[in-house]
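# Coordinates for the following, if possible.
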Amino acid sequence: MRPRGSVASALVGAAVLVVLTGCSGEDGGPDVPTRPPATAAVSPATAANPAGQVFPAAATKALLAERSTGRLAALDTAGTALALIDPAAPATPRTISLPAAGVSLAQGAPGEVLVAATDRVLRVDATTGTLAEIPVDGDVHSAQTRTDGTLVVGTADGTLRELNADGTVTRTITGLVSADAIALTGENITVLDRKQTAVVAVGEEALGLMLRAGDGATNAITDPHGRIIVADTAGGELLVYSAGPLVLRQRFPVSSSPYALAYDPRSELVWVSCTQSNEVVGYDLSTGIGVEVARLATLRQPDSMTVDERTGDLFVASAVGDGLQRIGADERKRGQ
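Predicted structure coming up:
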């Protein structure tokens, strides 16, 4: 089912539509207004016991449940170590040292986790920890894989590259200020640029349409309905787009500094972490406007989270070392 958006939201999207040429300035970046990238708000001390169970874990900045195995990959805040966690034994992770500082995580081929890192993309076997490298020219901030095995990679200087599975570059597009998150929906590529707080469509040979993404967007994910869900952390909103063409479909307020995002395909809920209140909030997007259906207490500084698609369990990681939280799907149904 395609997402349904209100007329008002569509008009808002049209009002801020900009055409980008993909050209760079002499200094290596486009001459456009920018802002310092928004960050998660600093969390206060927890006021309630976290829902579910909490296990020891290092301070974490990125968390991913690998789709086929359910193994969790947790990238530490320094980006130098990746913990591979069996959900059946979360207290005994396998930790591997990374050859370059990691920035973000993404699903790779089945059984594989991608780590965006300096001058490369790391491919990590989620079970064994075996690691392979794909060299990339630039400080890689984001990476996604297509179903055919090709990679789409974004760098800190706003360059987007498409690579074959062997690392051969087949396409290069410039013009962004930074390429911080990549959303693949069908054949469409959309990029979140934090410094411009914008989402930008990518055409065959150049950048396409651009829409402003609130006051300070930080994270973006996709869902099986082709929606691109963006957390506007500075503006306190959740923004929902569709691509081909790029249109803003929904926007609604989320208090307490929305930051991390995760989607549960079993319940069809999007989960948002709120770092000012140490909570995660679940929203149903099916009616054209986000409807809050759950609100649960977390550990302190919930800067990353993920959903195990096999079980529906929600995992939340603390960026200050307070642990890894598991909230089971059954526990969420009971409102715990």
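# for the protein, what are the low-confidence residue spans?
1-29, 333-336 (pLDDT under 70).
# any idea where the helices of it begin and end?
With DSSP state H as the criterion, the chain has helices at 7-15, 329-333.
# so what's the closest residue to residue 214 other than its chain neighbours bridging to?
Leaving aside its sequence neighbours, residue 214 sits nearest to residue 232 (CB to CB, 6 or more residues apart in numbering; 2.8 Å). Yep, even glycine has a C-beta here, placed from its N, CA and C like the rest. Beta-bridge pairing for residue 232 (DSSP bridges): residue 217, residue 237.
# please begin residue numbering at 820 from this point
I'll keep to 820 as the first residue from here, and by that count the last item is residue 1051.
# residues near residue 1051, how many?
Using other CB atoms under 10 Å, residue 1051 has 23 neighbouring residues.
# Then residue 954?
With other CB under 10 Å as criterion, residue 954 counts 9.
# That one: what's it in contact with?
938-939, 986 (CB atoms under 8 Å, 6 or more residues apart in numbering).
# Kindly give a single ChimeraX line that selects the buried subset of those.
Of those, the buried ones can be selected in ChimeraX as follows, counting by 16 or more other CB atoms under 10 Å:
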select :939
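# Would you format the contacts of residue 954 as JSON lines with distance to residue 897 included?
Compiled in JSON lines, the contacts of residue 954 are given as follows (distance: CB to CB, whole Å):
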{"residue": "938", "distance to residue 897": "17"}
{"residue": "939", "distance to residue 897": "17"}
{"residue": "986", "distance to residue 897": "26"}
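# I'd like to know which of the contacts of residue 954 are part of strands.
938-939 (DSSP state E).
# Return the member of the contacts of residue 954 nearest to residue 1038.
Of all the contacts of residue 954, residue 1038 sits closest to residue 939, with 22.4 Å by CB to CB.
# Return the set of residues that bridge with that closest one.
In beta-bridge terms (that is, DSSP bridges), residue 939 pairs with residue 936, residue 954.
# right, and it touches residue 950 too?
No - between residue 939 and residue 950 there is no contact under CB atoms under 8 Å: 10.6 Å.
# overlap in contacts of those two?
Going by CB under 8 Å, 6+ apart, residues that sit against residue 939 and also against residue 950 are residue 918.
# picking that back up, check contacts around the residue nearest to residue 1033.
Per CB under 8 Å, 6+ apart, neighbours of residue 1051: 1016, 1032-1037, 1057-1058, 1077.
# Would you mind checking those for buried ones?
1016, 1032-1033, 1035-1037, 1057-1058, 1077.
# Just send the residues you listed back as TSV, with distance to residue 1099 too.
Shown next, in TSV, are the buried ones among the contacts of residue 1051 (distance: CB to CB, whole Å):
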residue	distance to residue 1099
1016	23
1032	21
1033	20
1035	20
1036	19
1037	16
1057	13
1058	18
1077	10
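# now, which of these sits nearest residue 892?
residue 1037 (19.9 Å).
# Not counting residues beside it along the chain, what's closest to residue 1074?
residue 1055 (6.1 Å).
# Verify the stated contact: the one you found with residue 1076.
Yes - judged on CB under 8 Å, residue 1055 makes contact with residue 1076 at a distance of 7.0 Å.
# okay, those two: which has more neighbours?
residue 1076 (22 against 19).
# Chain neighbours aside, what residue packs nearest to that one?
residue 860 (3.7 Å).
# isn't residue 895 right up against residue 879?
Yes - using CB under 8 Å, residue 895 is in contact with residue 879, at 6.2 Å.
# so what's in contact with these two at the same time?
With CB under 8 Å, 6+ apart as the test, residue 895 and residue 879 both reach residue 902.
# which of those two has more neighbours?
residue 879 (27 against 21).
# can you pull the contacts of the nearest residue to the more buried one once chain neighbours are set aside?
Of all residues not flanking residue 879 in the chain, residue 1136 sits nearest, at 3.7 Å (CB to CB, 6+ apart). Residues near residue 1136 by CB under 8 Å, 6+ apart: 876, 879, 882, 893, 1121-1124, 1142-1144.
# So what pairs up with residue 1136 in the strands?
Applying DSSP bridges, one finds that residue 1136 bridges with residue 1123, residue 1143.
# First-to-last residue distance for stretch 976-983?
21 Å (CA to CA, to the nearest Å).
# cool, stretch 874-883 as well?
Note: stretch 874-883 ends 16 Å apart using CA to CA.
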